[in-house]
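Visitor: Sequence first, then the predicted structure, then my questions.
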Amino acid sequence: MANKLISEMGLLPKSITNIFAARNIITAKDALSLTEFELMELLDVGLAEVTFAIALISEVASPPYQTVQSLLEQRMQNEHLTGHLPTHLKGLDAALSGGLPFGALTELVGPAGIGKTQFCLKIALLTALPSCYGGLDGHVIYIDVESKFNSRRLIEIGLNSFPEIFCLEGITKEMAGRITVLRPGSLAEFTESLQKIKVSLLQHQVKLLIIDSMAALVSGEYELGPQRQHPLGWHISFLKSLAEFSRIPVVMTNQVRSRITNQISQYSFQDNRAATVDSTGNIDSHLVAALGIHWAHAVTIRLVLESRSGRRFIKVAKSPMSPSLSFPFEVTSQGIVLLDDVGVEMIGPQINAIDHQGHSDIILS
């Protein structure tokens, strides 16, 4: 809007428009970059004329405002474009207003063996299920970077979670046929796959994209630091546009790494009492999400899977529609299942921890 030509606005008197053109003030940006007194001197007109012209140019160049009511009405009109993928984890679905949102990036962060892949297998299955059983009746693209996808485990989850469906003849083969597994061997192969996936999303009724895991794609190719942010910047932008374009949930897993720090930041959401302090006052290593702060800001939903006092928890660490909540869970023959809702914990707000180099990381308690 700032580059809109003044001559094409059609609001200013012809005489004023001609004066602007004669002084080489062509666009709205040219006019609005100068003060009223600079314009008076340059155009050789009075304050009233300048104020009038600037008001009209500003009105055209400024984006239209929207009230909360108009946004709500727009959302209701576009309700068919929005939605959620229910995880069948009752407390988590309630916290996320229905499940994993369409058109957004959801990230699972946690150490190895905590249950991230188990979560991905369950939602892949739920996406493939017929809609009459609470599924999306769609196809899934599962990018299995670490070769952790296990078809037998997928079928086991299905048999134990939905025995009434999987006892039907041919249903196992049909469900398995709806999940396409890709195994890129490098970041370059992954980049090439993304270009092809965009076409497949519409051609094959794909309703879920899973990447397990993003951190493994760049491990060994780039150092942990600013050098790695450049290639990832393109990928996160592409994935965000892919989610918005196709209106499907995109779910990615992320690893954790150790970070040594000599003090607990006041910006950390980690419980300070849980930190180990040695005799010199230094603090031992903490677990932080890999991929850096640029990646953390780009995702819409961040779910942290962690273990505390022998129990596993799934924590809503970042969400535009939910406070920070923590749910105890177990990994069973049905996949991930939440324990009773009595165990739900309210936790402090997610805040970034700033290290001595100015890098911001999410510390996992």
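Guide: Ah, there it is.
Visitor: which of the residues in the longest helix seen in the chain are buried?
Guide: As assigned by DSSP state H, the longest helix anywhere in the chain is helix 226-246. Using 16 or more other CB atoms under 10 Å as the test for burial, helix 226-246 gives 228-229, 232, 235-236, 239-240, 242-243, 246. Where you see a C-beta, it was placed from the backbone N, CA and C, and this is true even at glycine.
Visitor: ok, these vs Phe102, which is closest?
Guide: Ala243 (7.8 Å; CB to CB).
Visitor: The closest one is in contact with Ala104, isn't it?
Guide: Yes - between Ala243 and Ala104 there is a contact under CB atoms under 8 Å: 5.8 Å.
Visitor: Overlap in contacts, those two.
Guide: Counting by CB atoms under 8 Å, 6 or more residues apart in numbering, the shared contacts of Ala243 and Ala104 are 249-250.
Visitor: Let me see the contact set for the nearest residue to Pro130 once chain neighbours are set aside.
Guide: With CB to CB, 6 or more residues apart in numbering as the criterion, Pro130 has its nearest non-adjacent residue at 5.1 Å, and that residue is Asp137. Residues near Asp137 by CB under 8 Å, 6+ apart: 128-131, 207.
Visitor: The same query, at a cut-off of 10 Å, please.
Guide: 127-131, 178, 205, 207 (CB atoms under 10 Å, 6 or more residues apart in numbering).
Visitor: cool, Met321 as well?
Guide: 95-98, 101, 300-301.
Visitor: Kindly report the same for Ile165.
Guide: Neighbours of Ile165 in contact, by CB under 10 Å, 6+ apart: 129-130, 132-133, 135, 158-159, 171-172, 175.
Visitor: So which of those residues is the closest to Ser307?
Guide: Gly158 (26.4 Å).
Visitor: Surely that closest one is in contact with Glu174?
Guide: No - in this structure, Gly158 is not within contact of Glu174 by CB atoms under 10 Å, at 11.0 Å.
Visitor: Next, the contact list for the residue nearest the centre of the chain, please.
Guide: Centroid-nearest residue in the chain, with CA atoms, centre = their mean: Val299, separated by 2.3 Å. When contacts are counted by CB under 10 Å, 6+ apart, Val299 is found next to 104-109, 214, 236, 239-240, 250, 252, 254, 289, 291, 318.
Visitor: Kindly provide the distance from it to Ala216.
Guide: 17 Å (CB to CB, to the nearest Å).
Visitor: Likewise for Ile114?
Guide: 15 Å.
Visitor: again with Ser131
Guide: 33 Å.
Visitor: More neighbours: which of these two?
Guide: Higher neighbour count among Ser131 and Ala216: Ala216, with 18 against 9, using other CB atoms under 10 Å.
Visitor: since we're on the nearest residue to that one once chain neighbours are set aside, how many residues are nearby?
Guide: Computed as CB to CB, 6+ apart, the closest residue to Ala216 that is not its neighbour in sequence is Val145, at 4.5 Å. Val145 sits with 24 neighbouring residues when counted by other CB under 10 Å.
Visitor: Check the gap between Val145 and Asn254 for me.
Guide: Val145 is 11 Å from Asn254, by CB to CB.
Visitor: Using CSV, list the CA coordinates for stretch 126-141.
Guide: Below are the C-alpha coordinates for stretch 126-141, written out as CSV (Å, rounded to 0.1, in the frame of the first residue of the first chain):
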residue,chain,number,x,y,z
LEU,A,126,-6.5,-41.3,13.7
THR,A,127,-6.1,-39.3,10.4
ALA,A,128,-6.6,-42.5,8.3
LEU,A,129,-9.6,-43.7,10.2
PRO,A,130,-13.1,-43.2,8.7
SER,A,131,-14.8,-40.1,9.9
CYS,A,132,-17.6,-42.1,11.5
TYR,A,133,-15.1,-43.4,14.0
GLY,A,134,-13.7,-39.9,14.8
GLY,A,135,-11.0,-39.9,12.1
LEU,A,136,-10.3,-37.6,9.1
ASP,A,137,-10.7,-40.4,6.5
GLY,A,138,-7.6,-39.1,4.8
HIS,A,139,-4.1,-39.9,3.7
VAL,A,140,-0.9,-39.2,5.7
ILE,A,141,2.6,-38.4,4.6
